[in-house]
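*Asks:* Sequence and predicted structure below; questions after.
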Amino acid sequence: MGLISGVLMLPLAPVRGVIWVAEKMNEAADRELHDPHVVRAQLAALNQELEDGNISPEEFEREEEVLLDRLHAVRVRTAPNHRR
């Protein structure tokens, strides 16, 4: 980047910084959403909540279904495609 283009782009620096931060947050959220270890940990925590009596069985089943759907989606997403 040259001196002139650097000076001309200077007013856009805050916008570029916000975009960079948003991209990093999106990457982190995507990793957390699609990491099977995170989903399994959330399932374990949910099971503990049920055992401790902090949630009802109905609430457990609803949350478990969501987490199992996410885990299934992760497996489908990372499975090699054997179709040709």
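*Replies:* Nice, thanks for sending it over. Residues are numbered from 1 along each chain as shown.

*Asks:* Torsion angles phi and psi at W20?
*Replies:* Here is the backbone geometry of W20 (degrees, to the nearest 10): phi -60, psi -40.

*Asks:* That one: what's it in contact with?
*Replies:* Not one residue lies near W20 by CB atoms under 8 Å, 6 or more residues apart in numbering. C-betas here are computed from N, CA, C, even on glycine.

*Asks:* Also L68?
*Replies:* Counting by CB under 8 Å, 6+ apart, L68 makes contact with L43.

*Asks:* Okay, buried residues for stretch 56-66 please.
*Replies:* Going by neighbour count (16 or more other CB atoms under 10 Å), the buried part of stretch 56-66 is 60, 63.

*Asks:* Mind listing what's buried along the lowest-mean-pLDDT helix or strand in the chain?
*Replies:* Using mean pLDDT, DSSP states H and E, the weakest-scoring helix or strand in the chain turns out to be helix 3-9, at a mean of 76. Within helix 3-9, no residue is scored as buried using 16+ other CB under 10 Å.

*Asks:* quick thing: my sequence starts at 2, can you match it?
*Replies:* Sure, I'll start counting at 2 from here, so that last one is helix 4-10.

*Asks:* chain center to it: distance?
*Replies:* Chain-centre distance of helix 4-10: 36 Å, with CA atoms, centre = their mean, to the nearest Å.

*Asks:* Repeat that for stretch 6-22.
*Replies:* Counting by CA atoms, centre = their mean, stretch 6-22 comes out at 27 Å from the chain centroid.

*Asks:* Please apply the same query to stretch 45-64.
*Replies:* Centroid displacement of stretch 45-64 relative to its chain, using CA atoms, centre = their mean, is 22 Å.
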